[in-house]
Structure formats: structure tokens, C-alpha cells
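>>> From the sequence below, what's the structure:
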Amino acid sequence: AFGALTVTEKLFPAIVTLHLLGGTVLLALLCVPAVAHGLAVRGQAPEPLAPWLRHALAAGLVLLTAQVALGGWVSTNYAVLACTTFPTCQGSWWPSMNFAQAFEIWRPLGLLQDGSHLDFEALTAIHYMHRLAAYVVVLALAALALALHRAQALARQRRWLAGLLLLQVLTGVSNVVFDWPLLAAVLHTGGAAALVGVLVWSLAASST
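Below is the predicted model:
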């Protein structure tokens, strides 16, 4: 339904972002029975984890999902090129931003609800919020990858988490400094989905 509305509503940003999130949720839901089937075939039980580590995995998944939503908002508003330098944006650590316009959710592409055009400062705010949130998510998932050393049965998940996290950092920076090349953009979106899959895989393959 959201795929159809994406076309009929002419790339309405909120609808396109919901389409991305819906696909992400479907991927996560498919991962759960796939992992359960794999464990059953191998005759294995879920790996017991300390409650705090399971909670950390769940918190990491929540943070990552929020970041996927912010990334979708950047993409659907074509705000990637609002900042073309890294680590600063427009030569500043805190560029001019319009948060009220940036997060007016239900509006047409490039316009506000009153029909006026979205300011460039709003596009900057959309981009920069995703970048600032990325710092938090990268640190949190890196700490989670280190914490998974305590669970030897999740060694594969730990390696995938670390590798995909590095890929996300590289492709995210590449999108900024190389003017949004198609390969980097596709890898960045795919990498985010893969990270969701790895965290769901880790949760489904473990228990308290």
C-alpha cells in the first residue's frame, strides 16, 4: 500500500519514509523464524545471555531503528547534499538550521503545509540531525560489539556487527564528500537493513 502511495502521492516524504520502515520491519520479522529454523535444524538451543546484554541488544535495535527513520527522512527530502563537508557542515560545527520546518512531518515534497517552500536551513537540520544521531548509534553499536565477546556462541554476529558498522561509517561519509554516488547510497541503505538483521539475529539466537 505504501509503495502504491509513494507513486500516487508524488514521493510524499512521510509516506516514502513509512515505506522504508515497513520494509525494515518485514525484514526483522522474517529473520526471527529463519533463525529459529536454523537452530532447530542444527539441534541447538538459544544461547543464554546475561539479562543486561539482552537488554543492550534490544536498546541497540531501538536506536538503530530510530536512525533508519532519520536516514529515510534525509533521503526522502533530498537533504543529503545540504552538507557537503565532513565532519563540519557548511564549514561550521553548528550550521544555521530550521528544526520547526525540518520536522513538519505531513507535507508534500519540498513544501510546507501552507504551500510555501521548505527553507535550505530545514534541509540542513534534517541532514545534521541524522549525522549527530549517527555518532551516538555508532558508539553504542561499537560498545555492543565489544560486549558480545562475552558470548562466544554469538561470535559470527559480533563480526558481522563490527564489519557492517564500519561499512555504514564509510558509505555515510562517502555520500557526503562524493556528492551522493549511487553505489554508496545503495550500500548505505542496504547496510542499515543488514545491521537490523544482525541485531534481530542476535536476539533470536539468544535467551536470558
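>>> can you count the residues close to His37?
10 (other Cβ atoms under 10 Å). C-beta coordinates here come from the backbone N, C-alpha and C atoms, glycine included.
>>> List the contacts of it.
Residues in contact with His37 (Cβ atoms under 8 Å, 6 or more residues apart in numbering): none are found.
>>> what are the phi and psi angles of it?
For His37, the backbone dihedrals (degrees, to the nearest 10) come out as phi -60, psi -40.
>>> How confident was the prediction at it?
According to the prediction, His37 has pLDDT 96.
>>> try Asn175
For Asn175, pLDDT reads 92.
>>> How about Val74?
pLDDT, read off for Val74, is 96.
>>> give the contact list for the closest residue to it other than its chain neighbours.
Nearest residue to Val74, sequence neighbours excluded (Cβ to Cβ, 6 or more residues apart in numbering): His130, at 4.8 Å. Counting by Cβ under 8 Å, 6+ apart, His130 makes contact with Gln67, Leu70, Gly71, Trp73, Val74.
>>> relative to its centroid, which residue of this structure is most remote?
Centroid-distance maximum for the chain: Gly43 at 33.2 Å, with Cα atoms, centre = their mean.
>>> what's the pLDDT at it?
Taking Gly43 on its own, its pLDDT is 93.
>>> what does Trp180 give?
Here the pLDDT value assigned to Trp180 is 87.
>>> surely it meets Ala82?
No - taking contacts as Cβ atoms under 8 Å, Trp180 lies outside contact range of Ala82: 10.9 Å.
>>> And the two? Which one has more around it.
Per other Cβ under 10 Å, whichever of Trp180 and Ala82 has more neighbours is Ala82, with 23 against 16.
>>> phi, psi of that one?
Dihedral pair for Ala82: phi -70, psi -30, per degrees, to the nearest 10.
>>> Flag every buried residue along stretch 71-84.
Gly71, Gly72, Trp73, Val74, Ser75, Thr76, Asn77, Tyr78, Ala79, Val80, Ala82, Cys83 (16 or more other Cβ atoms under 10 Å).
>>> Show me which of those is closest to Gln101.
Asn77 (10.3 Å; Cβ to Cβ).
>>> At the geometric centre of the chain, which residue sits there?
The residue lying closest to the centre of the chain (Cα atoms, centre = their mean) is Val68, at 2.6 Å.
>>> Skip the chain neighbours and tell me the closest residue to that one.
Distance criterion Cβ to Cβ, 6+ apart; nearest residue to Val68, sequence neighbours excluded, is Ala192 at 5.2 Å.
>>> Three-state assignment for the one you found, please.
helix (DSSP: H, G, I helix; E, B strand; the rest coil).
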